[in-house]
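Asks: return atomic coordinates for the entry below.
(chains A and B)
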Amino acid sequence: MDMALPIVNATTAALARVSAAFNAPLARAVVFGVHIDGHLVVEGLLIAVIVFQLSRKSYKPPKKPLSEKEVDELCDEWEPEPLCPPVKERSHIDPAILESAAGPHTTIEGKEVVNFASANYLGLIGNEKLIDSCVGSLEKYGVGSCGPRGFYGTIDVHLDCEAKIANFLGTPDSILYSYGISTIFSVIPAFCKKGDIIVADEGVHWAVQNGLYLSRSTVVYFKHNDMASLASTLEKLTRGNKRTEKIRRYIVVESIYQNSGQIAPLDEIVKLKEKYLFRVILEESHSFGVLGKSGRGLAEHYGVPIDKIDIITAGMGNALATDGGFCTGSARVVDHQRLSSAGYVFSASLPPYLASAAVSAVNYLEENPSVLANLRSNVALLHTGLSDTPGLEISSHVLSPIVFLKLKKSTGSLATDLDLLETIAEQVSSDGL
Amino acid sequence: QDCFGRPIASAPDAWFDVVERHSNDGNKTLQRTTKTSKCLNLGSYNYLGFAAADEYCTPRVIESLKKYSASTCSARVDGGNTKLHTELEELVARFVGKPAAILFGMGYVTNSAIIPILIGKGGLIVSDSLNHISIVNGARGSGATVRVFQHNNPAHLEDVLREQIAGGQPRTHRPWKKIIVIVEGIYSMEGELCNLPEIMAVCKKYKAYTYLDEAHSIGAVGKTGRGVCELLGVDPADVDIMMGTFTKSFGSCGGYIAASKEIIHHLKHACPAHIYATSMSPPAVQQVISAIKVVLGEDGSNRGAKKLAQIRENSNFFRSELQKMGFEVLGDNDSPVMPIMLYNPAKIPAFSRECLRQNVAVVTVAFPATPLLLARARICISASQSREDLIKGLEVISKVGDLIGIKYFPVEQEKVASVDKLKKLE
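Replies: Numbers count the residues shown, from 1 in each chain, chains lettered A, B, ... in the order given. I've put the predicted structure just below:
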């Protein structure tokens, strides 16, 4: 059919010229009669051409499904890629194998070294009370819990632990997850669905990014820990966009960023949140038990009332020296997760001895707030000690227990940077670190 | 509401204490009481009976707890790698029959984090229609195209593979980069074994990689507990990647992947769940090591063999008795998971509460884990349950079944006689 048009146009043009040439001498002679005749001829010819074109079958390439033999050939020819890429030339450092508890002093290959790699912020590894409560749990409950929370996997220590954490933080309720990183990447998809807007910091770690990806919402990143960038992003999203008022909006930040050691300024975030009506999801894995006068986390550190933050999640694998994670918020927030959070409903619950370890860890923290002072003075000491190392600078916040040492001058390529850092690490480990 | 999330106050062994809950507002919120009732446990995943304190495992676990403390507080690559972890990886690899293995702290995370590393955009994942949600999440998170084939149907799998390989990637028709077929060993909601030999033959013919998720079958089936491969006579070297969890048969927590050395090496350096997540808790690792040693018989006794024989006997006995009574039970022989069909969603709380009243604890499953009208009660057999326990369970279920009317099949005439005979034998 689309070949018909140009032909029709050409035909019309030709006919027009012909009829003009034909009619021209006659037009002046007789006004109506010959005119109509000439017109009739032209129109008749036009209609004939159009009818002819329309009646021609349109040309479509014939659709032939592949025959069995062709499918066989294709299947035989097809070669898959290998399942994993070949091993790269550059040898990676194999992780060190510890031979004793990952406490402040540990043994690697028979040598005693000082441990700067474990996130044992409060020094609770090896704490007697913790170990005693674990032993008690082990003898009573065995190791695993053998079932998801919905099917007899809820042991009373779980409920005790949830109540304890909620009490400690001052929130109505909390919910326990069985693994640190699964907390955040189950919570985010449970609340944020397709079509919601999430504003997240650029530097959030992998688990948070995974959660954002799984939630299928629109994610907008703002510059790492930059409040001006956050404000302008929020402004851009809400200004003049009527749709954003009807959908759910979230801000996702971490309190102490795992990838950079910066601390998020919670008071400004809360101010922005109230101004633009967003909900805040705060990931406190590295600040729970570390920041704040009694270790209650970022909210206490900045003096923000805890109910201003909608959802708080944390992994317990850092300060509390156990495993697993928890999430708190208002009662409705927690209840919703019990039915619709993937990592809670479909997965086995936390082993009971870890839950009882968490309870004793929180107890210990409540009774001895002086460990926080110890931690802070240690961090300050390390900062002053390392700040004049030639070639390296400290890029994390002064209060953060994760200390990042950056090369002052980058050599310009990622590979050589990594090599340099690895040689430094090797050198340092052979010296007993 | 009160059928789910029942708290227990003791180890999930053969008999356990279920905490009673009462409610003031019509089951909207439930408060715990201090009363507990001892119930027969037909619901926990305790296939080999390692859930409670065990005479071989527990002392060793306590020792490792005192030595290594409850957690390592750091990721594997930073400083969470202990001797126990390396020992367990080698042991798992040896047990399963593969060259190397890698551990993770949680089974769900294992699937969700591994599949995106192995395959990405431009690849094809063909998965069974009844796969677990962790696999579905991992497949979705990987960015590859996902196609589903009918449950346990190798002919349909072949059709799907042929169509896909011939067609290529959607819209561009470029050939696929790689194809992975994901199946499970025992499907937890059906109790069926996967049709592994035929599926393996199809995959080999079309050069697709296979990924076998043995969460429920490792340690529970097979003559020496090595899982579905042993039971169905498939060589483990044919399956490219074998995944499993320690929660069910070994009474611990965590997951593993066993595959060839290159794949494991690649995973160790690329998998975020390995690089960023806290490593497995050392006492849990020790529990798995001891449990595997018991199963293999390396602890010097034959408890492992006895447990395996016990669980097989228990499952077959229980299933045949239930079928004789007229219940509709799904699942293959030798599988320790047996769902009893209830069909009607209204019967779910009735079945659950009646059984609890008579001190038998069962698990009832409804939407969204199963289709809306296919509700079922799922029984998990354990090696720690004795014959008397099973008979008592059968009696209770039979009575409750009569009450609710779920005996959909005609009852065999000698039903009463057989139960009496069994009682006389014991």
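Asks: could you measure from B:G141 over to B:I125?
Replies: Per Cβ to Cβ, to the nearest Å, B:G141 is found 11 Å from B:I125. Yep, even glycine has a C-beta here, placed from its N, CA and C like the rest.
Asks: all strands for chain A, in order.
Replies: All strands of chain A, identified by DSSP state E, fall at A:105-108, A:111-114, A:154-155, A:173-177, A:197-201, A:218-222, A:249-254, A:279-283, A:311-315, A:325-329, A:392-394, A:405-407.
Asks: so does the shortest one get close to chain B?
Replies: Right, strand A:154-155. Yes: for strand A:154-155, a contact with chain B is found by Cβ under 8 Å from any Cβ of the partner chain, at A:154-155.
Asks: now the residue of the stretch 251-400 of chain A found nearest chain B: phi and psi?
Replies: Using Cβ to the nearest Cβ, A:G317 is the residue of the stretch 251-400 of chain A that sits closest to chain B, at 3.7 Å. Main-chain dihedrals, A:G317, degrees, to the nearest 10: phi -80, psi 10.
Asks: and for it, the neighbour number?
Replies: If you count neighbours by other Cβ atoms under 10 Å in any protein chain shown, A:G317 ends up with 31.
Asks: hmm, B:T278 and it touching each other?
Replies: Yes: between A:G317 and B:T278 there is a contact under Cβ atoms under 8 Å: 3.7 Å.
Asks: now the residue most central in space within chain B, nearest residue through space, not along the chain?
Replies: Centroid-nearest residue in chain B, with Cα atoms, centre = their mean: B:H216, separated by 2.3 Å. Using Cβ to Cβ, 6 or more residues apart in numbering or on different chains and skipping residues adjacent in sequence, the residue nearest B:H216 is B:I186, 4.2 Å away.
Asks: circling back to that earlier point, compare neighbour counts for B:G141 and B:I125 and give me the winner.
Replies: The residue with more neighbours, out of B:G141 and B:I125, is B:I125; 25 against 17, by other Cβ under 10 Å.
Asks: host element of the more buried one?
Replies: Using DSSP states H and E, B:I125 falls within strand B:124-128.
Asks: just checking: what are the partner strands of that strand?
Replies: Strand B:124-128 has the following sheet partners, assigned by DSSP bridges: strand B:145-149 (parallel), strand B:179-184 (parallel).
Asks: now it, how far from the chain's geometric center?
Replies: 20 Å (Cα atoms, centre = their mean, to the nearest Å).
Asks: got the contact list for the helix or strand just after it?
Replies: Once the chain leaves strand B:124-128, the next helix or strand it forms, by DSSP H and E, is helix B:133-142. Residues outside helix B:133-142 that contact it (Cβ atoms under 8 Å, 6 or more residues apart in numbering or on different chains): A:210, A:213-214, A:342, A:346-347, B:107-108, B:110-116, B:118-120, B:123, B:125, B:127, B:146, B:182, B:184, B:213.
Asks: export helix B:133-142 as PDB, just CAs?
Replies: Extracted C-alpha coordinates of helix B:133-142, given in PDB (Å, rounded to 0.1, in the frame of the first residue of the first chain):
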ATOM      1  CA  ILE B 133      11.100 -17.300  46.300                       C
ATOM      2  CA  SER B 134      14.800 -16.900  47.000                       C
ATOM      3  CA  ILE B 135      15.500 -18.300  43.600                       C
ATOM      4  CA  VAL B 136      12.900 -16.100  42.000                       C
ATOM      5  CA  ASN B 137      14.400 -13.000  43.700                       C
ATOM      6  CA  GLY B 138      17.900 -13.900  42.600                       C
ATOM      7  CA  ALA B 139      16.800 -14.500  39.100                       C
ATOM      8  CA  ARG B 140      15.000 -11.200  39.000                       C
ATOM      9  CA  GLY B 141      17.900  -9.400  40.500                       C
ATOM     10  CA  SER B 142      20.300 -10.700  37.900                       C
END
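Asks: any idea of the angle that helix forms with strand B:124-128?
Replies: Relative orientation of helix B:133-142 versus strand B:124-128 (axes from the mean of the first three to the mean of the last three Cα atoms, to 10 degrees): 160 degrees.
Asks: mean confidence for helix B:133-142?
Replies: Across helix B:133-142, pLDDT averages out at 84.
Asks: flag every buried residue along that helix.
Replies: B:133-142 (16 or more other Cβ atoms under 10 Å in any protein chain shown).
Asks: go through the residues you listed and name the one nearest A:G44.
Replies: Distances from A:G44 to these, taken as Cβ to Cβ, are shortest for B:R140 (64.4 Å).
Asks: now the strands of chain A as CSV including mean neighbour count and mean pLDDT?
Replies: CSV is the format used below for the strands of chain A (neighbours: other Cβ atoms under 10 Å in any protein chain shown; pLDDT from 0 to 100):
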stretch, mean neighbour count, mean pLDDT
strand A:105-108, 16, 59
strand A:111-114, 14, 58
strand A:154-155, 26, 77
strand A:173-177, 23, 86
strand A:197-201, 22, 85
strand A:218-222, 16, 85
strand A:249-254, 24, 85
strand A:279-283, 24, 85
strand A:311-315, 27, 85
strand A:325-329, 27, 85
strand A:392-394, 16, 61
strand A:405-407, 15, 56
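Asks: pLDDT weak spots in the chain?
Replies: No chain specified, so I'll use chain A. Scanning chain A with the threshold set as pLDDT under 70 gives A:1-4, A:18-37, A:57-66, A:83-126, A:150, A:240-246, A:386-433.
Asks: my question was about chain B
Replies: Within chain B, the segments meeting pLDDT under 70 span B:1-7, B:9-14, B:16-34, B:52-55, B:69-81, B:299-301, B:367-370, B:409-426.
Asks: for it, what's the longest helix?
Replies: Assignment by DSSP state H gives helix B:303-325 as the longest helix of chain B.
Asks: tell me if I'm right that A:R296 and A:F168 touch.
Replies: Yes: in this structure, A:R296 is within contact of A:F168 by Cβ under 8 Å, at 6.9 Å.
Asks: closest one to B:S252 among the strands of chain A?
Replies: Each of the strands of chain A has some distance to B:S252 by Cβ to Cβ; the shortest is strand A:154-155, at 14.9 Å.
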